[in-house]
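J.: got a sequence here, can you build the structure:
(2 chains)
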Amino acid sequence: MTAIKIEGLRKEYKDVVAVDRLDLEIGEGELFSLLGVNGAGKTTTVKMLSGLTIPTAGDAVICGRSVVKEPDTVKESIDVSMQETAIARKLTVDENIEFYAALRGHTKDEIADDKKRVYSVFGLGKVAKRYAGKLSGGWQRKLSVALALISSPKVLFLDEPTLGLDVIARRELWGAIRDLKGKMTIILTTHYMEEAEALSDRIGVMKDGKLLFVGTKEEMFEKTGKENVEDAFVSIVTGGEEDA
Amino acid sequence: MRKTFKTFTLAKRNMKEIVRDPLSLIFLIALPLLLEVLFYCIFHDLTPQFDMKNLAPGIVVFSQSFLTLFTGLLIATDRNTAFLTRLYVCGARSHEFIFGYTIAMIPLTLVQTVLFFIVGGIIDPSILGVGMLRCIPIALLSSILFIGLGILFGSICSEKSIGGVSSAVITGQSVLSGMWFPIEGLNPGMVTVMKCLPFKNATDVMRLALTGGGDPVKDHLVPILIVAAYAVAALVGAIFAFRSKMRSKNT
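T.: From the prediction side, this is the model:
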């Protein structure tokens, strides 16, 4: 089953084309990584797919709904964790979850379940009563990602979720993301090649708003003749020039 | 019903963010309270300006000017992080944010008003009476003005610049309200400017509400309408600025 179908998606800012005629299908329960250098169009793509930015042209259908025609309905089945940590700093971890769940229209009983579910995935229970702003960067990022799970989204967008984290915190977050695999469709944008390699079912490579490659890492290696995602990525983005 | 619920959920969070910030409590409550007690003790024998019937209403409006700073700071911080973006994804609308920020400040305004009048009444029991109750709706009206300005500034300023911009409002309330000094000797042009701005009108009408008296139209209705006009303008400007800023960020 297809969770996301993107057709000719395009975004222009004045004279800059941020995303150029993107065509892509992502299956239900798939973890799809979107790789690209800075300015490749990854975040703009996520913003268009999550109904935060209106596409200049094209459309995307998420869980059967158009992001152009029905952005509000699309928002009911998705959630986003942007690259900046998005938490209420003077609320405790518990209160952050309660606040976000209440905004999603959850009842008290549902909120109690939300807490159990989120705590079991991210181990946030041990810091439940601490103010979010007083947590370490790793815990704040975990909370930020965890809040995106409260609505039990069918599609979860993770925009550079481990940006700025130390290696231990990053590995812990990878573990949590691995636990989510198969339970929902996940679109992950990242700068870290090893992250994409460790987590993805398929990988897409973007450059200058265009999707240059889509496939599994094995297909990536086969196409480029490389043995790891980083080398294969560089080869795709530079058109093989770095080998010269 | 759903929208109301979202607005109140946002308001609850915003209020917690404000009251858990020690600095906001210092400037919204402690500093005005200190000034009320200190200025009364030092100056009330020297000039009627600092009689409690004049000082307490002035302090209430002065304390509200700090709402501009802390409302603005909260919004600028929310904008700077991805917090507002996250809330947009869960379907919250611009007007729900605006009302969420506004409603969050109303209990603070009530606490300020009641506290400064009660403390004033303890120091000078002559101000105790029904006049205090008349001051509450006026305090609510003037607080909308300062909150609206805070939302407006928070929507267009950065976290770093919000302090400077808000201090213009705090200074405006101090200097242009006539609360700290009599305006009789001032240049007539300056007095006209003061009468056209909301600061003096808010302070004067609150003083008259406390003590009673004055012409119902000239001294009560006109100042209330002037303050209301500025409050509505600030709130409408805030809605447009907030909407436009969020749209430019996300489109």
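J.: does B:Ala92 touch A:Gly105 like I think?
T.: No - B:Ala92 is beyond contact range of A:Gly105, at 11.5 Å (criterion: C-beta atoms under 8 Å). From N, CA and C alone the C-beta is placed, and that goes for glycine too.
J.: the two: which has the busier surroundings?
T.: Under the criterion of other C-beta atoms under 10 Å in any protein chain shown, the comparison of B:Ala92 against A:Gly105 puts B:Ala92 first, with 20 against 15.
J.: so what pLDDT did the more buried one get?
T.: Per-residue confidence at B:Ala92 stands at 81 (pLDDT).
J.: how about the secondary structure of it?
T.: coil (DSSP: H, G, I helix; E, B strand; the rest coil).
J.: identify the bridge partners of the residue positioned nearest the centre of chain A.
T.: Averaging the C-alpha coordinates of chain A gives a centre point, and the residue nearest to it by C-alpha atoms, centre = their mean is A:Leu158 (1.9 Å). For A:Leu158, the beta-bridge assignment (DSSP bridges) gives partners A:Ser81, A:Leu188.
J.: hmm, it is touching A:Ile186, no?
T.: Yes - the criterion here is C-beta under 8 Å, and A:Leu158 meets it with A:Ile186 at 6.3 Å.
J.: ok, the residue nearest to the centre of chain A to A:Leu147 distance?
T.: Using C-beta to C-beta, to the nearest Å, one obtains 12 Å as the distance from A:Leu158 to A:Leu147.
J.: and what of B:Thr192?
T.: With distances taken as C-beta to C-beta, B:Thr192 is found 53 Å from A:Leu147.
J.: around chain A, pick out the residues from the stretch 51-200 of chain B.
T.: Proximity of the stretch 51-200 of chain B to chain A (C-beta under 8 Å from any C-beta of the partner chain) is limited to residues B:Thr77, B:Thr81, B:Ala82, B:Phe83, B:Thr85, B:Arg86, B:Leu87, B:Tyr88, B:Val89, B:Cys90, B:Gly91, B:Ala92.
J.: try it again at 10 Å.
T.: B:74, B:77-78, B:80-93, B:96 (C-beta under 10 Å from any C-beta of the partner chain).
J.: so where is chain A shaky, pLDDT-wise?
T.: A:241-244 (pLDDT under 70).
J.: please enumerate the strands of it.
T.: Using DSSP state E, the strands of chain A run over residues A:2-13, A:16-27, A:31-36, A:57-62, A:65-66, A:78-81, A:155-159, A:185-190, A:202-207, A:210-215.
J.: just checking, what packs against the second one?
T.: The one in question is strand A:16-27. strand A:2-13, strand A:31-36, helix A:42-49, strand A:57-62, strand A:185-190, strand A:202-207, strand A:210-215 (3 or more C-beta pairs under 10 Å, 6 or more residues apart in numbering or on different chains; DSSP states H and E).
J.: over to the fourth one?
T.: Applying 3+ C-beta pairs under 10 Å, 6+ apart, one finds that strand A:57-62 contacts strand A:2-13, strand A:16-27, helix A:42-49, helix A:71-76.
J.: can you check the shortest one too?
T.: Judged by 3+ C-beta pairs under 10 Å, 6+ apart, the packing partners of strand A:65-66 are helix A:71-76.
J.: from the chain's centroid, how far away is the helix it packs on?
T.: Mean C-alpha position of helix A:71-76 versus that of the full chain (C-alpha atoms, centre = their mean, to the nearest Å) differs by 17 Å.
J.: likewise stretch A:70-87?
T.: Taking the mean C-alpha point of stretch A:70-87 and that of its whole chain, the gap between them comes to 10 Å (C-alpha atoms, centre = their mean).
J.: what's the span of that stretch, first residue to last?
T.: Across stretch A:70-87, the terminal residues are separated by 27 Å (C-alpha to C-alpha, to the nearest Å).
J.: anything in contact with each of B:Ala92 and A:Gly105?
T.: A shared contact of B:Ala92 and A:Gly105, defined by C-beta atoms under 10 Å, 6 or more residues apart in numbering or on different chains, is any residue touching both; here these are B:Lys6, B:Thr9.
J.: sorry, back to before: could you dump the helices and strands packed on strand A:16-27 to CSV with mean neighbour count?
T.: Formatted as CSV, the entries for these read as follows, by neighbours: other C-beta atoms under 10 Å in any protein chain shown:
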stretch, mean neighbour count
strand A:2-13, 18
strand A:31-36, 25
helix A:42-49, 25
strand A:57-62, 20
strand A:185-190, 25
strand A:202-207, 23
strand A:210-215, 17
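J.: for residue 177, give me its contacts.
T.: Answering for chain A, as no chain was given. The contact partners of A:Ile177, by C-beta under 10 Å, 6+ apart, come to A:Leu31, A:Val121, A:Val145, A:Leu156, A:Leu158, A:Pro161, A:Thr162, A:Ile186, A:Leu188, A:Glu195, A:Ala198, A:Leu199.
J.: I was after chain B.
T.: B:58, B:61-62, B:65, B:183, B:194, B:197-204.
J.: what's the closest non-adjacent residue to A:Thr56?
T.: Nearest non-adjacent residue to A:Thr56, counting by C-beta to C-beta, 6 or more residues apart in numbering or on different chains: A:Glu12, 4.6 Å away.
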